[in-house]
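Visitor: any chance you can model this:
(4 chains)
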2 protein chains.
Amino acid sequence: MDDAMPDGLRERRRRTTQLEIHEAALALFEEQGLRATTVQQISNRAGISHRTFFRYFASKEQAAIPGQRRLLHAFESLELDGDEPGDVLRAIERAAMAAMAEVGDGQHEGQLRITRLLAAEPDLQASASGQDLQLVAALRDRLGAGLPDWPVRRIRLVAEIVVATWRAAWQHWGERALQGVVVEPADVLRECMADLRLLVR
Amino acid sequence: MDDAMPDGLRERRRRTTQLEIHEAALALFEEQGLRATTVQQISNRAGISHRTFFRYFASKEQAAIPGQRRLLHAFESLELDGDEPGDVLRAIERAAMAAMAEVGDGQHEGQLRITRLLAAEPDLQASASGQDLQLVAALRDRLGAGLPDWPVRRIRLVAEIVVATWRAAWQHWGERALQGVVVEPADVLRECMADLRLLVR
DNA sequence: TCCTATCTTGGCACAGAGTGTCAGGTTGGC
DNA sequence: GCCAACCTGACACTCTGTGCCAAGATAGGA
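Guide: Residues are numbered from 1 along each chain as shown, chains lettered A, B, ... in the order given. This next block holds a predicted model:
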């Protein structure tokens, strides 16, 4: 689905454990809030030890926010076939759109729970934006390798802009979903890109 | 310089203490690294107690990164006189440019120290991007109040884009400065805005 | 099937972050 | 000079995050 998964028993166990911890964290945060929930409580509910928790996640915040593996992978395997700024942006846009579309309808509920939590817990937002740095770095690396003639300044800017747009799109999707309006994430991203083009014209 | 400062003895003391803590943190991080430095050490060097440290800063990371008060203030007092997307962006650009220009040449050395630290310590970057959320929120609020006819989606996007551009500009300024090339921050921001316009055309 | 290298886990222990509380000292206004 | 508001340091405490080690589980070859 996402990255290579050699399907030994060990890998499968690891995945289920990770999911159980994630689910436990999410549920407890919803019930009690972020601050009031301890790593010990999450570990208990997931049926593991406090020590093992930190072998799966670096902090309780990260246990709730799974990270954007799809987009990360899309960036790392991005194909570029030109130098023209407009073309480059469109290529990235296509890749991001594809990554967004991979989120099946069945996962919308999970996304919505995270969105709700993010809205309620500012500390989680900070943690999430910290994670986005990985996305920026990945895109920056890829563009740097694929566009040797571009100034680093422009490469850095594009990476920041794209991730900012992606984040704005998801946030707006969540905002609408919380109001009961269900829309396609990819559509929201398209609208955001349209806004971006409107702005600078 | 920045916000109202009723010049009692108390306020002045508070400011000097804050500066002393900031300076101590910066110096120790440079000498030993972020992880190896404890709040206790910073407190000792600043001549205060461990308990008092946390009355000035919420974490050791924040003690090193002073926050973008100038830009925050510029956003909060932003004047808008039109609905036209291009005009709005230009108005924000002017405000940001003015805020950037307020950083006198004398403060470049301090900025550079922070840039160096950010480059060396990924954890600090995460903390910094968490702080940027305040900027996004401030600009979002201001635009929401000043542009009642704009869709929330576009307002959110503009806020994210502007802050992303600002961050890219400072990072590129720091990168060049680390290479020994001294340029005006405002010039870099102008170049970044030009890149942005180039992208979507 | 068995045997071994590798991986995973839980328990123990510990340093450090961050917070509540309180008593004592300082500042500002009257 | 006096009182109220504020600031500080000290103590105690919970929680996070990590090193270490012994025990159990797994993979893969003999």
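Visitor: what about the residue in chain A positioned nearest to DNA strand C, how many neighbours?
Guide: The minimum distance from chain A to DNA strand C, using CB to the nearest atom of the strand, falls at A:T52 (3.1 Å). C-beta here means a position set from N, CA and C on the backbone, and glycine is covered the same way. For A:T52, the neighbour count with other CB atoms under 10 Å in any protein chain shown is 13.
Visitor: got a list of what the closest residue to it other than its chain neighbours touches?
Guide: Setting aside the residues directly before and after it, A:T52 is nearest to A:S43 in space (CB to CB, 6 or more residues apart in numbering or on different chains), at 7.1 Å. Taking CB atoms under 8 Å, 6 or more residues apart in numbering or on different chains, we find A:S43 in contact with A:I21, A:A24, A:S49, A:H50, A:T52, A:F53.
Visitor: would you list the phi and psi of the last one?
Guide: Comment: the main-chain dihedrals of A:F53 come out as phi -50, psi -50, following degrees, to the nearest 10.
Visitor: show me how the record splits chain A into domains.
Guide: A:1-60, A:65-201 (automatic domain parsing).
Visitor: any part of the longest one near chain B?
Guide: Yes. Judged by CB under 8 Å from any CB of the partner chain, domain A:65-201 and chain B are in contact via A:85-86, A:88-89, A:122, A:125-127, A:129-130, A:132-133, A:152-154, A:156-158, A:160-161, A:163-165, A:167-168, A:171-172, A:175, A:188, A:191-192, A:195-201.
Visitor: what segments of chain A are helices?
Guide: Using DSSP state H, the helices of chain A run over A:9-32, A:39-46, A:50-56, A:60-64, A:69-76, A:85-101, A:108-120, A:122-146, A:152-178, A:185-199.
Visitor: low-confidence ranges, chain A, go.
Guide: A:1-6 (pLDDT under 70).
Visitor: tell me which residue is most central in it.
Guide: A:Q68 (2.7 Å; CA atoms, centre = their mean).
Visitor: am I right that it is in contact with A:Q131?
Guide: Yes. Using CB atoms under 8 Å, A:Q68 is in contact with A:Q131, at 7.4 Å.
Visitor: tell me how many other residues crowd the closest residue to A:P66 other than its chain neighbours.
Guide: With CB to CB, 6+ apart as the criterion, A:P66 has its nearest non-adjacent residue at 6.4 Å, and that residue is A:H22. Residues within reach of A:H22, counting by other CB under 10 Å, total 21.
Visitor: so A:H22 touches A:I65, yeah?
Guide: No. If you go by CB under 8 Å, A:H22 and A:I65 don't touch, sitting 9.1 Å apart.
Visitor: residues contacting A:Q40?
Guide: A:H50.
Visitor: just the buried ones from the residues of domain A:65-201 next to chain B, in ChimeraX syntax?
Guide: To isolate the buried ones among the residues of domain A:65-201 next to chain B in ChimeraX, judged by 16 or more other CB atoms under 10 Å in any protein chain shown, type:
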select /A:85,88,89,125,126,127,129,130,132,153,154,156,157,158,160,161,163,164,165,167,168,171,172,175,188,191,192,195,196,199,200
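Visitor: buried stuff in stretch A:175-182?
Guide: Quick answer for stretch A:175-182 (16+ other CB under 10 Å): A:E175, A:R176, A:A177.
Visitor: let's have those residues in a markdown table, adding distance to A:P148.
Guide: What follows is those, written out as a markdown table (distance: CB to CB, whole Å):
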| residue | distance to A:P148 |
| --- | --- |
| A:E175 | 40 |
| A:R176 | 41 |
| A:A177 | 41 |
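Visitor: for chain A, what lies in contact range of DNA strand C?
Guide: Applying CB under 7 Å from any atom of the strand, we find that chain A lies next to DNA strand C at A:R10, A:R13, A:R14, A:T17, A:G47, A:I48, A:S49, A:R51, A:T52, A:R55.
Visitor: can you name the residues of chain A sitting close to DNA strand D?
Guide: A:8-10, A:13, A:37-40, A:50-51, A:54, A:58-60.
Visitor: dump these to JSON lines, plus distance to A:M97.
Guide: Shown next, in JSON lines, are the residues of chain A next to DNA strand D (distance: CB to CB, whole Å):
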{"residue": "A:G8", "distance to A:M97": "34"}
{"residue": "A:L9", "distance to A:M97": "36"}
{"residue": "A:R10", "distance to A:M97": "35"}
{"residue": "A:R13", "distance to A:M97": "34"}
{"residue": "A:T37", "distance to A:M97": "35"}
{"residue": "A:T38", "distance to A:M97": "40"}
{"residue": "A:V39", "distance to A:M97": "37"}
{"residue": "A:Q40", "distance to A:M97": "41"}
{"residue": "A:H50", "distance to A:M97": "41"}
{"residue": "A:R51", "distance to A:M97": "41"}
{"residue": "A:F54", "distance to A:M97": "36"}
{"residue": "A:A58", "distance to A:M97": "30"}
{"residue": "A:S59", "distance to A:M97": "31"}
{"residue": "A:K60", "distance to A:M97": "32"}
